[in-house]
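Colleague: Let me see the structure of the following:
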Amino acid sequence: MTDNHTDPMSRLLKLANKVNCFYLSGFHAGECRAFVVDGQQVGLVRPDVMKELLNHPQVFQVHPEYVQLNPAFRDYAERSARVEEVLRKWKADEKFITLHGWREEYYEVRAQFNTQPLFKMDRSATCLFGIRKYGVDINGYVMDPIKGLSIWLQKRSPNKQTWPGYWDNMVSGGLSVGFGINETAIKEAGEEASIPNNLIEKLKNVGCVSLFFESERGLFPNTEFVFDLELPPDFVPSNSDGEVETFELLPVNECLERIASTNFKTTSVPVVLDFLIRHGYITAENEPNFIQIMELLHVPLQTMYNHPLKRCKITANGEATEALGKV
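Modeller: Model (predicted):
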């Protein structure tokens, strides 16, 4: 499970670092600017996106320290419509690869998770603005009489817009407009794995993990609400929505090898690590970088973005400065 203890960075810590590559880069030493709506920071914008925003000054105002959605847009509907006009133009002009995954599925953009939404945005575009996304993940597991604790993983359909053909957690899905956390978990369990009602009743809410990943598509500050579901040994999940190619049940050691491989969805790694820690398979006794890994499973996304306009510049060490004046 662990590497040679003389190595200052274990294999699992390297995985956790990869998942949080943007967070650990120091936000590119200040190259990115806070994205502000209604006086609150809701995201973070990279230079490549800022360059395109300059072409839409009636919608986005690019300031030296931050990017602001035009404050003349006063309500949810107007903000949503004006942002979507720009995004659809970018999609038509093929400006960003992530917009190839446009699917008419919308995410709410909020100052904080439990506050009123400010506007909505297609899920494919959220990474262009560093919008915090929220999702659910279900760890389906079996106490196998021979192999011991074993975990169900899914292989994503090769037709998925993101991470096609990669291995993933048994069930996962984003919180889209109109759906709550438990509601999403139950819905996705039925669609992705055909979990029947008598089994889904045993679903256990066990907390959340968070990460700040970056890829060629954009920035991914994600929080995943995690559920555990113990399944009987004779149950085999089956897909009903066309998004999963196959499922495989792996004992713990093989599961660790799978998540460390190059064909496992990077942003799903924290969910598996969290599961194995909670179930006592990764501990401070057998993992030399246990504390660092624990910290990287809970990146403080709510704190990072919890600043009014006058404090919304993010510095290289992730702290906010008071360099901005009020609008």
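Colleague: Mind giving me the packing neighbours of the helix or strand harbouring L149?
Modeller: Per DSSP states H and E: L149 is located in strand 148-156. The contact analysis (3 or more Cβ pairs under 8 Å, 6 or more residues apart in numbering; DSSP states H and E) places strand 148-156 against strand 133-144, strand 167-169, helix 181-193, strand 244-251, helix 252-259. C-beta coordinates here come from the backbone N, C-alpha and C atoms, glycine included.
Colleague: change it to 10 Å
Modeller: strand 133-144, strand 167-169, strand 171-174, helix 181-193, strand 244-251, helix 252-259, helix 269-278 (3 or more Cβ pairs under 10 Å, 6 or more residues apart in numbering; DSSP states H and E).
Colleague: could I get those as TSV with mean neighbour count, distance to P288 and mean pLDDT?
Modeller: Formatted as TSV, the helices and strands packed on strand 148-156 follow (neighbours: other Cβ atoms under 10 Å; distance: least, Cβ to Cβ, whole Å; pLDDT from 0 to 100):
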stretch	mean neighbour count	distance to P288	mean pLDDT
strand 133-144	22	25	97
strand 167-169	23	26	98
strand 171-174	21	29	95
helix 181-193	20	34	96
strand 244-251	17	23	97
helix 252-259	18	15	96
helix 269-278	23	14	98
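Colleague: what bridges to V142?
Modeller: Beta bridges link V142 to S150, judged by DSSP bridges.
Colleague: ok, back up a step: mind checking which of the helices and strands packed on strand 148-156 is nearest P233?
Modeller: Checking the helices and strands packed on strand 148-156 against P233 by Cβ to Cβ gives strand 133-144 as the closest, at 5.4 Å.
Colleague: And stretch 110-119, end to end?
Modeller: End-to-end distance of stretch 110-119: 8 Å, with Cα to Cα, to the nearest Å as the criterion.
Colleague: quick one: average pLDDT of it?
Modeller: Taken as a whole, stretch 110-119 has a mean pLDDT of 94.
Colleague: same question, stretch 227-239
Modeller: Stretch 227-239 comes out at a mean pLDDT of 97.
Colleague: Over to stretch 51-64?
Modeller: Stretch 51-64 comes out at a mean pLDDT of 97.
Colleague: How far off centre is that stretch?
Modeller: 26 Å (Cα atoms, centre = their mean, to the nearest Å).
Colleague: Extract the C-alpha trace of that stretch and format it as PDB.
Modeller: What follows is stretch 51-64, C-alpha atoms only, in PDB (Å, rounded to 0.1, in the frame of the first residue of the first chain):
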ATOM      1  CA  LYS A  51      -8.300  37.700 -23.100                       C
ATOM      2  CA  GLU A  52     -11.700  36.600 -24.500                       C
ATOM      3  CA  LEU A  53     -13.700  38.500 -21.900                       C
ATOM      4  CA  LEU A  54     -12.200  41.700 -23.200                       C
ATOM      5  CA  ASN A  55     -14.200  41.300 -26.300                       C
ATOM      6  CA  HIS A  56     -17.500  41.500 -24.300                       C
ATOM      7  CA  PRO A  57     -17.200  44.700 -22.200                       C
ATOM      8  CA  GLN A  58     -20.900  45.100 -21.900                       C
ATOM      9  CA  VAL A  59     -21.100  41.800 -20.000                       C
ATOM     10  CA  PHE A  60     -17.800  41.400 -18.300                       C
ATOM     11  CA  GLN A  61     -15.700  44.200 -16.900                       C
ATOM     12  CA  VAL A  62     -12.000  43.300 -16.700                       C
ATOM     13  CA  HIS A  63     -10.200  45.300 -14.000                       C
ATOM     14  CA  PRO A  64      -6.500  45.200 -13.100                       C
END
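Colleague: mind listing what's buried in it?
Modeller: 52-53, 56, 59-61 (16 or more other Cβ atoms under 10 Å).
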